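>>> need a structure here:
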Amino acid sequence: MANVAFVGLGVMGYPMAGHLARAGHEVTVYNRSAEKAAAWVAEYGGRACATPAEAAAEQDFVMVCVGNDQDLLQVVDGPEGILAGARTGTVIVDHTTASAGVARQVAQLAAERGVGFLDAPVSGGQAGAEHGQLTVMVGGEESVFDLARPVIHHYSRMIRLMGPVGSGQLTKMVNQICIAGVVQGLAEALNFAECAGLDGEAVVSVISKGAAQSWQMENRHKSMLAGEYDFGFAVDWMRKDLAIVLDESRRNGAQLPVTALVDQFYADVQQMGGNRWDTSSLIARLKNGK
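You can find the predicted model right below:
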């Protein structure tokens, strides 16, 4: 069993850290809100620390799951950051969805301290985290990946090394491009079915057995038809992710006209007050006549 720190106990990190504790690892946690860390310790055991540096001390692995590039740099660098406490040979596994650029920056900072680094964003949402069924896309050196894979395994169903540092984040960008297009297509289809006077449930029961089937259709059509969006992956976070995608596309020359359009549709949802709605709320703007 390993000594593991988990930094960031949000809707994803909290259950991910829990899987590590249940697997028998010695888990130390840090969260910006100390109350959340205390609640985790009360549920799973282990111990909570006041700073990322304290949490990282004497650990084999430090898993990170925070909000964005700025949050990642804040918990990694500086006098109270992970690198201030981590010993030589520790491996940082970053599950934040962030830019490939910041992944490379953090990897360089870690290397200067003799610390390994993997960028390892995840897909599967809160339900995937709770059930230990996440997909993990990893960038980094193969030798470091081989060390961390048995630990990551406890909350994943698919783990793959995609290439050097930054490759995990680039793969997550591909994932978000696909989701944006699929959710918009599903929103339009379900709205069309309702406008045509069809039974939406009946339509999905048929087309979900053919070429139109998708995870979004299987898991979100009921709530979309019911106009229920108060759960799942928030629109604010999706717009953060799509901003990273569109910024990267400007660097690599990829054309993303549909992704850019769907990003603006999500801006419409935000203007409707749907900042914290699930990403499937794209159908709400259609029902609202947008």
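
>>> let me know the outermost residue of the protein.
Ranked by distance from the centre of the chain (C-alpha atoms, centre = their mean), the top residue is residue 197, with 37.1 Å.

>>> in the stretch 51-200 of the chain, which spans are helices?
52-56, 69-76, 82-85, 100-112, 125-131, 142-152, 167-195, 200-207 (DSSP state H, counting those that start in this stretch).

>>> kindly reformat the ones you listed as CSV containing mean neighbour count, mean pLDDT and distance to residue 246.
Every C-beta, even on glycine, is put in place using the N, C-alpha and C of the backbone. What follows is those, written out as CSV (neighbours: other C-beta atoms under 10 Å; pLDDT from 0 to 100; distance: least, C-beta to C-beta, whole Å):
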stretch, mean neighbour count, mean pLDDT, distance to residue 246
helix 52-56, 24, 98, 30
helix 69-76, 20, 98, 15
helix 82-85, 24, 98, 29
helix 100-112, 19, 98, 13
helix 125-131, 17, 94, 22
helix 142-152, 17, 98, 28
helix 167-195, 20, 98, 9
helix 200-207, 14, 98, 30
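
>>> between the ones you listed, which gets nearest to residue 44?
helix 125-131 (13.4 Å; C-beta to C-beta).

>>> my read: residue 28 touches residue 55, true?
Yes. Using C-beta atoms under 8 Å, residue 28 is in contact with residue 55, at 5.0 Å.

>>> between these two, which contacts overlap?
5-6, 49 (C-beta atoms under 8 Å, 6 or more residues apart in numbering).

>>> sorry, back to before: same list (the helices of the stretch 51-200 of the chain) but as CSV, adding distance to residue 229.
CSV is the format used below for those (distance: least, C-beta to C-beta, whole Å):
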stretch, distance to residue 229
helix 52-56, 33
helix 69-76, 25
helix 82-85, 35
helix 100-112, 30
helix 125-131, 14
helix 142-152, 30
helix 167-195, 11
helix 200-207, 16
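
>>> nearest to residue 282, of those?
helix 167-195 (4.1 Å).

>>> need the three-state assignment for residue 276.
Assigned by DSSP: H, G, I helix; E, B strand; the rest coil, the conformation of residue 276 is coil.

>>> how far does stretch 249-269 sit from its chain's centre?
Centre-to-centre, stretch 249-269 and its host chain are 19 Å apart (C-alpha atoms, centre = their mean, to the nearest Å).

>>> now swap in stretch 181-196 and tell me
With C-alpha atoms, centre = their mean, you get 25 Å for stretch 181-196.

>>> repeat that for stretch 240-259.
18 Å.

>>> over to stretch 195-205?
Here the centre of stretch 195-205 is set off from its chain's centre by 32 Å, with C-alpha atoms, centre = their mean.

>>> what's around residue 27, how many residues?
When neighbours are defined as other C-beta atoms under 10 Å, residue 27 has 26 of them.

>>> can you tell me the helix or strand for it?
strand 26-30 (DSSP states H and E).

>>> residue 252 is nearest to which of the helices of the stretch 51-200 of the chain?
helix 167-195 (8.9 Å).

>>> got the angle for that closest one vs helix 142-152?
50 degrees (axes from the mean of the first three to the mean of the last three C-alpha atoms, to 10 degrees).

>>> helix 167-195: how far from the chain's middle?
On C-alpha atoms, centre = their mean, the centre of helix 167-195 falls 16 Å from the chain's centre.
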